[in-house]
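Q: My questions are about this predicted structure, shown below with the sequence.
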Amino acid sequence: MAVTESAVVPVGREPEETREGSPGASEGARAAHEGILRRQSARESAARTYARALPIVPVRARGLTIEGADGRRYLDCLSGAGTLALGHNHPVVLEAIRKVLDSGAPLHVLDLATPVKDAFTTELFRTLPPEFAARARVQFCGPAGTDAVEAAFKLVRAATGRTGMLAFTGAYHGMTAGALEASGGASDVRVTRLPYPQDYRCPFGTGGERGAELAARWTESLLDDTKSGVPLPAGMILEPVQGEGGVIPAPDAWMRRMREITAARSIPLIADEVQTGVGRTGAFWAVEHSGVTPDVMVLSKAIGGSLPLAVVVYRDDLDVWQPGAHAGTFRGNQLAMAAGTATLTYVRENRLAERAATLGARMTGELHRLAGEFSCIGDVRGRGLMIGVELVQPDAPSDPATGGPRPAAPELAAAVQRACLRRGLIVELGGRHASVVRLLPPLTITDEQAAAVLDRLADAVSAVARGGSG
C-alpha cells in the first residue's frame, strides 16, 4: 500500500482555531478545562512533567491533531514522546484493538502463548535485522521501556557473571533505579560513563571524525588499562540517537567501532531502540544505519501501537535464565500486541521508514535555513523524523579556549515552547540544559502538515528572538 493523504486527518497550514485570540470554545468549556487543570495540580504528584509545560486537556485526537477541552486544536510533535508512530487513533490500530475486544479473547494471560502474541512476535522478527533475527529470543517485560532496560541488565549479568555496565554521557534509559544508573544524571553508581561523540559540543573540542575516533580510543584505553579501575563489564548500553540527551545521532563509523571493541572483549552490546525504533530515524531500526548487529535490543514505545508494551530481544546464547528469572504481571498485554502488530505491519508495508528519511531531511534543511536567520539557533540536527533545534545565547561569546559553541539557552527554549503552544504546536524540550526543541511527529505526517509545523515553529522563534515570549 502507498501512503496517502487520507492516512491521517489533513490539517491546514494555519487553522484559525489554533491562533491566539481566536473565538475557541464556549465559556463553559473553558471553565471545565480550567477546572480539570486545577484538580490535576491539587491531586497529582509534584513529579509530573509534561503537564507543567503543556497545560492542555486533550479530549479528541486523530493523526497529528489534538483537540483540547477548551476547543483549541494543536499539531502534536511530541507523539507520546515518540510512541505514536502512526499518530493518534490510526484506523488500522483501532481496528486491531476492536477485533481483539470483539473476539472474546482473554485480555490478561501472563506469559501464555496466544494467537495475538504469536502474530506479534512473527511480525516483530520479520522487521529485525536478518542476522539478528536468525538467532534471537524475546522476553516480554513490564510495560515500559525502563522495564526492558532492567531486564537487559539482568540478562547480561546472568550470562557473563559480571556486574558492571558501560554507558554514555548524555544517555537516557528510563526512570527505574538500574536504568537511572546508566543515564546521564546519575550519581553513586556501578556504571562506567564513556564519552558519546557529537559535533556541536564535542567533549574533546574537535567534533567530526576526529572527535568520534578520540571517543573510541578513550573506550579502548579504559577497558585495556589494567589500572583504569574499570573491570571487564557485563555489557555496554547505547542509544543510536540520544533522544533526551539532545537529539544526537551516533556516527555510523563510531557505532561500528563500539561493536568491534565489545565483540573483541566478549562484552554484550545492548542497543536501546525504545525511541529510535519502528522507522523513526529513517531505518526500521536505527542500528541499521551503521550495519551493526547488537547482542541485545531494548524495544518499547512504538512497538505497542500507542499501548504499553516492552520487550528485550537478544542473541540465543545469552538465554541462560531459569524459569521465573524475569517476570511481570502485565507482560502479556494482548491489546498492545494487537495494536503493535498492526503498527509494525503498516510501517513496513508502507515504507514509512523511507518516508521518514526523506521528509526528515527536507525538514532539517528548512530548519538549517531558519538557523541562518536567527543567531539564537546554535545547531540543527537529527535523523529521520527525530529532529532537534538547540537554542543558544545569541549575544554571548563563543568559548574563548576552543572557539566552540555559545552557551545553551534553556530559557529561550522554554519561551519557544510556550510560543509554539500559543500557535497550536506541541513540541518537547531535551538536551543537557533543556535547551533543545525536539520534533517527534508521527511517521504519517503529510507534506502539508510538515509545512504547517515549520511555519509555526519559525513564527515562534521569530517572536522570541524579537524579545517576546510569543
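A: Okay, I see it. Numbering: from 1, shown residues only.
Q: those helices in the stretch 351-470 of the chain, which residues are they?
A: 352-373, 410-422, 447-465 (DSSP state H, counting those that start in this stretch).
Q: Looking at the ones you listed, which is nearest to Ala46?
A: helix 410-422 (18.5 Å; Cβ to Cβ). No exception for glycine: its C-beta is placed from N, CA and C like everyone else's.
Q: ok, residues contacting the closest one?
A: By Cβ atoms under 8 Å, 6 or more residues apart in numbering, the residues outside helix 410-422 that reach it are 20, 53-54, 56, 74, 376, 391-393, 426-429, 431, 433-437, 456-457, 459-461, 463-464, 468-470.
Q: Span of stretch 427-446 from start to end?
A: 17 Å (Cα to Cα, to the nearest Å).
Q: Relative to the whole chain's centre, how far out is it?
A: 9 Å (Cα atoms, centre = their mean, to the nearest Å).
Q: Show me where this protein has its helices.
A: For the chain, applying DSSP state H gives helices covering 27-43, 50-53, 79-82, 91-103, 115-127, 130-133, 145-160, 177-181, 208-224, 252-264, 334-349, 352-373, 410-422, 447-465.
Q: list the buried ones in the first one?
A: If you call a residue buried by 16 or more other Cβ atoms under 10 Å, then helix 27-43 has these buried ones: 29-30, 32-33, 37.
Q: The fifth one now?
A: Buried positions in helix 115-127, judged by neighbour count with 16+ other Cβ under 10 Å: 116-117, 119-121, 123-124, 127.
Q: From the residues you listed, pick the one nearest Ala283.
A: For the buried residues of helix 115-127, the nearest to Ala283 is Thr127 (10.6 Å; Cβ to Cβ).
Q: and the closest one, what does it touch?
A: 278, 284-285, 344, 348.
Q: give me that answer again for 6 Å
A: 284, 344, 348 (Cβ atoms under 6 Å, 6 or more residues apart in numbering).
Q: which one is the second one nearest to, not counting chain neighbours?
A: Sequence neighbours aside, Glu123 is the residue nearest to Leu344 in space, at 4.8 Å (criterion: Cβ to Cβ, 6 or more residues apart in numbering).
Q: Quick check, pLDDT for that neighbour.
A: Predicted confidence (pLDDT) for Glu123: 98.
Q: Please look at it and Gly340 and confirm they touch.
A: No. Counting by Cβ atoms under 6 Å, Glu123 stays clear of Gly340, with 8.0 Å between them.
Q: Out of the helices and strands in this protein, which is least certain?
A: helix 177-181 (a mean of 74; mean pLDDT, DSSP states H and E).
Q: Among the helices of the stretch 351-470 of the chain, which comes closest to Val138?
A: The nearest among the helices of the stretch 351-470 of the chain, by Cβ to Cβ, is helix 352-373 at 20.9 Å.
Q: what stretches of this structure score poorly on pLDDT?
A: Across the chain, the ranges flagged by pLDDT under 70 are 1-25, 185-189, 399-403, 468-470.
Q: still on that earlier bit, would you list the contacts of Thr127 in a markdown table and tack on distance to His173 and neighbour count?
A: Output for those, formatted as a markdown table (distance: Cβ to Cβ, whole Å; neighbours: other Cβ atoms under 10 Å):
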| residue | distance to His173 | neighbour count |
| --- | --- | --- |
| Phe284 | 21 | 24 |
| Leu344 | 23 | 24 |
| Arg348 | 26 | 16 |
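Q: Alright, calling it a day.
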